[in-house]
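1. coordinates only, sequence not included:
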C-alpha cells in the first residue's frame, strides 16, 4: 500500500512538471537575436518570456517600449532606441530587468516624468548600465524602484529649454538602496537629484555643466563618495538630509558653492577637495556635522558659516589662499579644533617653537572690521586707513577686544594633503 502511494505521488509530480513546461513563460530562458528596424524591438519584448535575453544588432529601433516581465536587453555597438519624442522611451514595471549597452534618445518633454528610462516602483533590482542616453528630459528616473543600479552610463541632457523646464540626469525618488555609480553626466538641470529616499550610494560619478552636480532633499543614511563636479553652478547641495557620508569628492570651478549644507545634520564630511568657487563651503542651520581633513582652496570665501549652526566638529581641514578664510555671521564664540588639533590656515603667520606641528598662538580669521565690511560693503574703502590699522593692532594686543566669532585654538603648521586623486 505504501509503495502504491509513493508511485502515484511520483507520477503526479511528473505530470505537474510536464504541464509547467508547456505553459507560456515557464520554459528555459532563451537568448533571442533582434534585427534592427521599425517596430521589431517592441514586438520582441511582447513575444519574449520572463528570464529571456534580447540581443540587439546595430541599427535603429523605434520606441517607446514597455517591459512588464524580467528581461535582459543587451545591445551591440551602434544599437539605438529612439523614443520619437513620446513619453518614456523605456518604461520598466517588472523587477530584475537589465538594460546594457544601448543608446537611448528622444524621450518626450511634456510631462516631468518623461525619461529615457523610467523605473517604476515595481521595477526593484533593475540595472541600467554601459548605455548612452541623450536628448531626453530625464536620463534615468528611479521612481521608487528599490535597489536599482544606474552604472557606467553616459548621460547627455538637453540644453535647449529653460532651467526649470529641464530634467535631471538621474532622478532618485523614494528608492531605498538605489545606487548611481560611475556615470558621466552633462547638461540638463541637476546631475543627480534625490528626494525622499534612504540608503542610497552615489559613487564615482563625473558631472559637468549642470545646475547642481549632486542635489539631496530629504534623503538619509546615504553615501556620496569619489565624485567629480566641474564647471557647475554648485557642486554638492545637501538639504534637509541626515546621516550622510560625504567623502573624497572633488568640486572644481563650480560657480557659487562647492559644498552647501542647509538643514543637514549628523553628516561625516571628510577628505573632500574644493577649489575655485565663490564660496568653498556654505553652512546654513546645519548641526552636529563632522568636517575633517578637507581641502578648501582659491575661493572668495573659504567657509561661510551662519544661521545658528551648532555642535559641528571642524578639524584637520586646510584653508589655502582663500580671499576670506571665514565669514561667520553670529555672536557666539566657536573653537574650530578638537582634541588638541585644529586646522591649517595659509595666512596664519604663526611660529611653532616646540616643533609639535601646532602653532604657538591661536588663530582668529575675523575681527571687528571684517564684520563691519560684511554689513556695510562700502566700508572696504577704509580698509587701509590708519584708524582701521589701530583697531586691528589693539585687537592683536588685547584679545579680549575681539567680538564673538571663530577661533582655532590649535592651528596646524602644515596642511594635510588631499586624500583623493585629482583626475583631468
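-> Cool, got the structure. Bear in mind the structure is a predicted one, so any value in this text is a computation, not a measurement.
2. could you tell me how many residues sit around the closest residue to residue 172 other than its chain neighbours?
-> With CB to CB, 6 or more residues apart in numbering as the criterion, residue 172 has its nearest non-adjacent residue at 4.2 Å, and that residue is residue 194. To be clear about C-beta, it is placed using only N, CA and C from the backbone, and glycine gets the same treatment. The local packing of residue 194 (other CB atoms under 10 Å) involves 28 other residues.
3. quick one: contacts for residue 194?
-> 171, 172, 173, 200, 202, 215, 216, 217, 219, 222 (CB atoms under 8 Å, 6 or more residues apart in numbering).
4. now intersect those residues with the strands, please.
-> 171, 172, 173, 202, 215, 216, 217 (DSSP state E).
5. quick one: low-confidence residue ranges for the chain.
-> Within the chain, the ranges that satisfy pLDDT under 70 run 1-27, 307, 367-404, 421-424.
6. so which residues of the stretch 301-424 of the chain form strands?
-> 301-306, 313-315, 318-320, 324-328, 334-335, 344-345, 406-407 (DSSP state E, counting those that start in this stretch).
7. output these in TSV; the columns should cover mean neighbour count.
-> Shown next, in TSV, are these (neighbours: other CB atoms under 10 Å):
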stretch	mean neighbour count
strand 301-306	22
strand 313-315	20
strand 318-320	23
strand 324-328	22
strand 334-335	15
strand 344-345	24
strand 406-407	20
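8. just checking, residue 295 touches residue 320?
-> Yes. Counting by CB atoms under 8 Å, residue 295 does reach residue 320; the two are 6.8 Å apart.
9. overlap of the contact sets of the two?
-> residue 415.
10. residue boundaries of the helices in the stretch 151-300 of the chain?
-> Here the stretch 151-300 of the chain has no helices by DSSP state H, counting those that start in this stretch.
11. hmm, back to that, closest to residue 339 among the contacts of residue 194?
-> Lowest distance from residue 339 to the contacts of residue 194 (CB to CB) belongs to residue 222, with 27.6 Å.
12. with adjacent residues omitted, what lies nearest to the closest one?
-> Nearest to residue 222 is residue 200, by CB to CB, 6+ apart, at 4.3 Å.
13. over to residue 152?
-> Nearest non-adjacent residue to residue 152 (CB to CB, 6+ apart): residue 182, at 4.5 Å.
14. these two touch, right, the one you found and residue 205?
-> Yes. Counting by CB under 8 Å, residue 205 is a contact partner of residue 182 at 6.6 Å.
15. out of the two, which sits in the busier spot?
-> Neighbours were counted for residue 182 and for residue 205 using other CB under 10 Å; residue 205 has more, 29 against 17.
16. pretty sure that one sits against residue 192.
-> Yes. With contact defined as CB under 8 Å, residue 205 counts as touching residue 192 (6.6 Å).
17. intersection of neighbour lists for these two?
-> In contact with both residue 205 and residue 192: 180, 185, 214, using CB under 8 Å, 6+ apart.
18. can you tell me which of these is nearest residue 277?
-> residue 214 (14.5 Å).
19. neighbours of the closest one, how many?
-> 29.
20. check contacts around it.
-> 190, 191, 192, 202, 205, 207, 224, 227, 229, 235, 236, 237.
21. mind redoing it with 6 Å?
-> Applying CB atoms under 6 Å, 6 or more residues apart in numbering to residue 214 gives the contacts 192, 224, 236.
22. likewise residue 32?
-> Applying CB under 6 Å, 6+ apart, the residues near residue 32 are residue 54.
23. look up how far residue 127 lies from it.
-> Going from residue 32 to residue 127 by CB to CB, to the nearest Å gives 19 Å.
24. now do residue 247
-> Taken as CB to CB, the span from residue 247 to residue 127 is 25 Å.
25. also residue 51?
-> 15 Å.
26. what about residue 43, which helix or strand?
-> helix 40-47 (DSSP states H and E).
27. neighbouring strands for the helix or strand immediately after that helix in the chain, and are they parallel or not?
-> Toward the C-terminus, helix 40-47 is succeeded by strand 53-56 as the next helix or strand (DSSP H and E). Note on strand 53-56: by DSSP bridges, its sheet partners are strand 31-34 (parallel), strand 72-75 (parallel).
28. if we can go back for a sec, which among the contacts of residue 194 gets closest to residue 106?
-> residue 171 (18.1 Å).
29. may I have the beta-bridge partners of that closest one?
-> With DSSP bridges as the rule, residue 171 is bridged to residue 141, residue 193.
30. surely it and residue 138 touch.
-> Yes. Residue 171 sits in contact with residue 138 when judged by CB atoms under 6 Å, with a separation of 5.4 Å.
31. coming back round to it: dump the shared contacts of residue 205 and residue 192 into a markdown table; add distance to residue 61 as well.
-> Formatted as a markdown table, those follow (distance: CB to CB, whole Å):
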| residue | distance to residue 61 |
| --- | --- |
| 180 | 26 |
| 185 | 24 |
| 214 | 32 |
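32. how much space separates the residue nearest to residue 222 from residue 99?
-> Distance from residue 200 to residue 99, by CB to CB: 20 Å.
33. one more: residue 113?
-> For residue 113 relative to residue 99 (CB to CB), the value is 18 Å.
34. compare those two and say which is more crowded by neighbours.
-> Legend: neighbour count by other CB under 10 Å for residue 113 and residue 99, higher for residue 99 (26 against 17).
35. which residues sit against the helix or strand encompassing that one?
-> Assigned by DSSP H and E, residue 99 belongs to strand 98-100. For strand 98-100, contacts defined as CB under 6 Å, 6+ apart pick out 72, 73, 74, 127, 128, 129, 130.
36. so which of these wins on neighbours?
-> That'd be residue 128 among the contacts of strand 98-100, by other CB under 10 Å, with 31 neighbours.
37. residue contacts, residue 205?
-> 183, 227.
38. distance of it from residue 226?
-> 8 Å.
39. ok, back up a step: so which of the strands of the stretch 301-424 of the chain comes closest to residue 57?
-> Once the strands of the stretch 301-424 of the chain are compared by CB to CB, strand 318-320 is nearest, at 53.5 Å.
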